[in-house]
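Visitor: mind looking at a prediction? Sequence and model below.
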Amino acid sequence: MHFDLKHTDSQSKARAGEFHTDHGVIETPIFMPVGTQGTVKGVHQQELREEIEAQIILGNTYHLYMRPGMEVIEAAGGLHQFMNWERPILTDSGGYQVYSLSNSNKITEDGVKFQSHIDGSYHFFTPEKAIDIQRSIGADIIMAFDECTPYPCDYKYAKKSIHMTHRWLKRCFDRMDQTEPLYGHQQALFPIVQGSVYKDLRLESAEAIASHDAIGNAIGGLSVGEPEEELYAMTDLVANVLPTEKPRYLMGVGTPANILECISLGIDMFDCVMPSRNARHGMLFTSEGIINIKNQKWEKDFSPLDPNGITGADQVYSKAYLRHLMKSQEALGMQIATIHNLGFYLWLVKTAREKILAGEFTSWKNYMMPKLRNRL
């Protein structure tokens, strides 16, 4: 498993690369649709492959551990087999859900005790257990167990947290060394930079993470409510420290404008629930701006969802028809909107890659940014 950096933009830090895994090559920059429970909500795997053209998707360690459980996933031969997805998968460590979904959790040096959001049962995640679960799931890229601090976060707490995250990281790497993949393909562990919005803590964490010489590195703890300028400042700071020859993954980001800006700062990989979650509520992202498809102005608009016909859905369904489905609460409406939004996000990063390779990224980005923020 390795990363080949193909080209860097001359006017920014935008990069085009190839990340090679046993389940295929991922062309970066890339957006990864979120498939929390072994499914990208409302979308068939065939549509993910053929229409959205997803190269890699995410699974969630916490949710898959809760349901269906590791016994079922191992019996199926891993998540790839279980969900019939032959391309790469990334799993997060479950840490974020442990902190955000559980009403009562207790963090200690050993790990985190928490209650299930399903039945209230108690569980205990350690760095070692997070690795073991992700070995069982069988993702190509697995994430280190860390603490994602909230925003705002007290400086002293953030400092204490990154030091524990770094100690947990060593335990994650040790567990990786002590265990083997279960399904015959390689797995790469990505460590995660934390430090809230404190410059010195982010630098300290980035240097600690870079010292492990991992196959790739992630930036966490952003897009958690901080101002947009802090997101960009911390991303820029950390990207300058993380090694150029390794892929950089910015976790949980974000809007189309966020993604283009962070590509220009040197980020290679993104994920976010926004395109699929917002789609289910009628918000569409297009190459001309953002649409609330439930608004009456679209009632008799029979034009395509996106004027540039980016996805198959754009070429088949009109705004008026999708508005009718959404107002009628038809499941098909949510499905069409989700396919459209994910297809748009994949179009955006694919086009960004093409523009980087052609030496036209910065001018194209400057042209696109006002459009992406436009409310239609």
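Guide: Looks like it came in fine.
Visitor: make it CA atoms for all contacts and neighbour counts henceforth
Guide: Will do.
Visitor: break down the stretch 201-350 of the chain into its strands, ranges please.
Guide: Ranges of strands within the stretch 201-350 of the chain are 217-219, 248-250, 269-271, 283-286, 289-292, based on DSSP state E, counting those that start in this stretch.
Visitor: and the third one, what does it pack against?
Guide: Strand 269-271 is packed against strand 30-32, strand 248-250, with contacts defined by 3 or more C-alpha pairs under 8 Å, 6 or more residues apart in numbering; DSSP states H and E.
Visitor: export those strands as CSV, with columns for distance to residue 236 and mean neighbour count.
Guide: Output for those, formatted as CSV (distance: least, C-alpha to C-alpha, whole Å; neighbours: other C-alpha atoms under 10 Å):
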stretch, distance to residue 236, mean neighbour count
strand 30-32, 18, 25
strand 248-250, 11, 25
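Visitor: skipping adjacent residues, who's closest to residue 253 in space?
Guide: The shortest distance from residue 253 to any non-neighbouring residue, by C-alpha to C-alpha, 6 or more residues apart in numbering, is to residue 272 (5.4 Å).
Visitor: from what I see, that neighbour and residue 256 are in contact.
Guide: No - using C-alpha atoms under 8 Å, residue 272 is not in contact with residue 256; the gap is 10.3 Å.
Visitor: looking at those two, which one has more neighbours?
Guide: Neighbour tally, residue 272 and residue 256, criterion other C-alpha atoms under 10 Å: the higher count belongs to residue 256, 23 against 19.
Visitor: what sits closest to that one if chain neighbours are left out?
Guide: Excluding the flanking residues, the one nearest residue 256 by C-alpha to C-alpha, 6+ apart is residue 372, at 6.5 Å.
Visitor: buried set for the helix or strand harbouring that neighbour?
Guide: Using DSSP states H and E, residue 372 falls within helix 361-373. By 16 or more other C-alpha atoms under 10 Å, the buried positions in helix 361-373 come out as 361, 362, 365, 368, 369, 371, 372, 373.
Visitor: the fifth one contacts residue 257, doesn't it?
Guide: Yes - with contact defined as C-alpha under 8 Å, residue 369 counts as touching residue 257 (6.0 Å).
Visitor: so who does residue 186 touch?
Guide: Taking C-alpha atoms under 8 Å, 6 or more residues apart in numbering, we find residue 186 in contact with 1, 21, 22, 140.
Visitor: need the contact list for the first one.
Guide: Contacts for residue 1 (C-alpha under 8 Å, 6+ apart) come out as 19, 20, 21, 22, 186, 188, 215.
Visitor: how about a cut-off of 6 Å?
Guide: For residue 1, the contact set (C-alpha atoms under 6 Å, 6 or more residues apart in numbering) comprises 20, 21.
Visitor: need the pLDDT of it.
Guide: At residue 1, the pLDDT value in this model is 95.
Visitor: for the second one, same thing?
Guide: Model confidence at residue 21, given as pLDDT, is 98.
Visitor: torsion angles phi and psi at it?
Guide: Here is the backbone geometry of residue 21 (degrees, to the nearest 10): phi -130, psi 170.
Visitor: separation between it and residue 283?
Guide: Separation of residue 21 from residue 283 (C-alpha to C-alpha, to the nearest Å) stands at 34 Å.
Visitor: and if you look at the third one?
Guide: Here residue 22 is placed at a distance of 36 Å from residue 283 (C-alpha to C-alpha).
Visitor: out of these two, which sits in the busier spot?
Guide: residue 283 (20 against 14).
Visitor: before we move on, back to that, the strands of the stretch 201-350 of the chain into TSV, with extra columns for mean pLDDT and distance to residue 310?
Guide: TSV is the format used below for the strands of the stretch 201-350 of the chain (pLDDT from 0 to 100; distance: least, C-alpha to C-alpha, whole Å):
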stretch	mean pLDDT	distance to residue 310
strand 217-219	98	29
strand 248-250	98	25
strand 269-271	98	20
strand 283-286	97	9
strand 289-292	98	13
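Visitor: between these, which gets nearest to residue 145?
Guide: strand 217-219 (11.8 Å; C-alpha to C-alpha).
Visitor: that closest one pairs with which strands?
Guide: Under the criterion DSSP bridges, strand 217-219 sits next to strand 192-193 (parallel), strand 248-250 (parallel) in its sheet.
Visitor: buried set for it?
Guide: Buried residues in strand 217-219, counted by 16+ other C-alpha under 10 Å: 217, 218, 219.
Visitor: show residues contacting it.
Guide: So strand 217-219 is contacted by 190, 191, 192, 193, 248, 249, 250 (C-alpha under 6 Å, 6+ apart).
Visitor: still on that earlier bit, reformat the strands of the stretch 201-350 of the chain as TSV; add distance to residue 211.
Guide: Shown next, in TSV, are the strands of the stretch 201-350 of the chain (distance: least, C-alpha to C-alpha, whole Å):
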stretch	distance to residue 211
strand 217-219	11
strand 248-250	15
strand 269-271	20
strand 283-286	39
strand 289-292	41
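Visitor: which among these is found nearest to residue 344?
Guide: Relative to residue 344, the nearest member of the strands of the stretch 201-350 of the chain by C-alpha to C-alpha is strand 283-286, separated by 6.7 Å.
Visitor: partner strands of that closest one and their direction?
Guide: strand 289-292 (antiparallel).
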